[in-house]
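Visitor: Below: sequence and its predicted model.
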Amino acid sequence: MEKILYFDCFAGISGDMCLGALIDLGLDASEVIGELNKLGVKGYDIEIKKTNKYSISGTDVKVSLNRTDDSVHKNSEENDQKPQYQENAHNHRHDEKERSLADIRNIIQASGISKKAKDLSIAIFTEIAEAEAAVHGKSVEEVHFHEVGAIDSIIDIVGTAICIDMLKVDKIYCSPVHEGKGFVNCRHGRLPVPAPAVLKMLEGSGIPIITEDIEAELVTPTGFGILKTVSESSSKMPEMLVECVGYGFGKTETGRLNALRVIMGSKKVDNAFEGDAESGQEKIREKVTLLETNIDDVTGEILGYTMEKLRKAGALDLWYTPIQMKKNRPAYMMTVLCKESDAEGLSDI
């Protein structure tokens, strides 16, 4: 069985929505926090709680600064302090440090989280860094993360990677993303929605974007960076047996449900199916080859002899079908089912 995760971005996507939705699938929030603590990042408080919005039960994640301790892992570089600001319409509060991609990579690599979570976290940050570099006309090394380099976005991205690792999924897909319109205040001033970094990441992503008549930023660089990195493709929900559904709530009031919905399910792979109830064993369905040929002007004795010879040579099944051929002469179509490895030899016969 193949385990599938599907991101349904009907109200956009942000980092905290991702983390909340994945935890809402049934993960133990305390275990996720325990893994996040291995980052060695301090100076924040995280609140993960079940709540209800528009009569839908889901999970809300809130990361806030703890001003009593603003230190981070010893491998991260200290930078000049900057005034506090908000990333976007999802109303994240941010720490006062700027960090380069190298700083963030060092924090993650020096942590005690799993290798898979480390690799995925770094891949997401690299995707966002490359977009920011292109937008600002700088090299990736010159980019200093403001919004996504803040503590809460580090927690959102690394927390999402930890959750995906815990869920042990095989394939991840996503829907088109729904975005709002208007402008958003950020570190570089008042910029149009979608944010320039989001538009850059949309290039070549294969993920369609749908603009809603809502004056808000629904897709953040953090959220889209996660989506682009983890998703294999964007399409309607794939065929699967739905096992559980999670909702992660956004912070912006849009007049309707503002949440990311993730659906987890399973799908039978092409060459296998579940075992029978008696044995409980998994059975493998082999691929077989179908051989066909039309035969006329031949006796029944020859047809019978050929059938016997093919069976002895390994044919799994074979039969004759009455047909008509040239000048309406009665004839037979011979059909043979065999293993792929036996096809050439049986064809020669």
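Guide: Here it is on my side, so go on. Residues are numbered from 1 along each chain as shown.

Visitor: ok, residue 254 - how many residues close by?
Guide: Counted by other Cβ atoms under 10 Å, the residues lying close to residue 254 total 16. In this view, the C-beta of every residue, glycine as well, is placed from N, C-alpha and C.

Visitor: Surely it is in a helix?
Guide: No: applying DSSP: H, G, I helix; E, B strand; the rest coil, one finds residue 254 to be coil, outside a helix.

Visitor: List the contacts of it.
Guide: Shown in contact with residue 254 (Cβ atoms under 8 Å, 6 or more residues apart in numbering): 11, 180, 214, 216, 218.

Visitor: Now the spatially closest residue to residue 154 that is not a sequence neighbour. Its backbone dihedrals?
Guide: Leaving aside its sequence neighbours, residue 154 sits nearest to residue 41 (Cβ to Cβ, 6 or more residues apart in numbering; 6.3 Å). Backbone torsions of residue 41, given as degrees, to the nearest 10, read phi -90, psi 130.

Visitor: Quick check: residue 41 touching residue 152?
Guide: No: counting by Cβ atoms under 8 Å, residue 41 sits too far from residue 152 to count as a contact (10.4 Å).

Visitor: So for these two, which residue has more residues nearby?
Guide: Set side by side, residue 41 and residue 152 show more neighbours around residue 152, with 26 against 20, by other Cβ under 10 Å.

Visitor: Thought residue 66 was touching that one, still the case?
Guide: No: between residue 152 and residue 66 there is no contact under Cβ under 8 Å: 11.7 Å.

Visitor: Please enumerate the shared neighbours of these two.
Guide: Contacts common to residue 152 and residue 66, judged by Cβ under 8 Å, 6+ apart, are residue 44.

Visitor: Go through the longest helix anywhere in the chain and flag the buried ones.
Guide: Criterion DSSP state H: the longest helix present in the chain is helix 115-136. Within helix 115-136, the residues scored as buried using 16 or more other Cβ atoms under 10 Å are 117-118, 120-135.

Visitor: Return the distance of that helix from the chain's centre.
Guide: Remark: helix 115-136 is offset 15 Å from the chain centroid, using Cα atoms, centre = their mean, to the nearest Å.

Visitor: name the helices or strands packed onto that helix?
Guide: Judged by 3 or more Cβ pairs under 8 Å, 6 or more residues apart in numbering; DSSP states H and E, helix 115-136 is in contact with helix 101-109, strand 144-145, helix 151-167, helix 196-202, helix 221-230.

Visitor: again, only using 6 Å
Guide: Counting contacts by 3 or more Cβ pairs under 6 Å, 6 or more residues apart in numbering; DSSP states H and E, helix 115-136 is packed against helix 101-109, helix 151-167, helix 196-202, helix 221-230.
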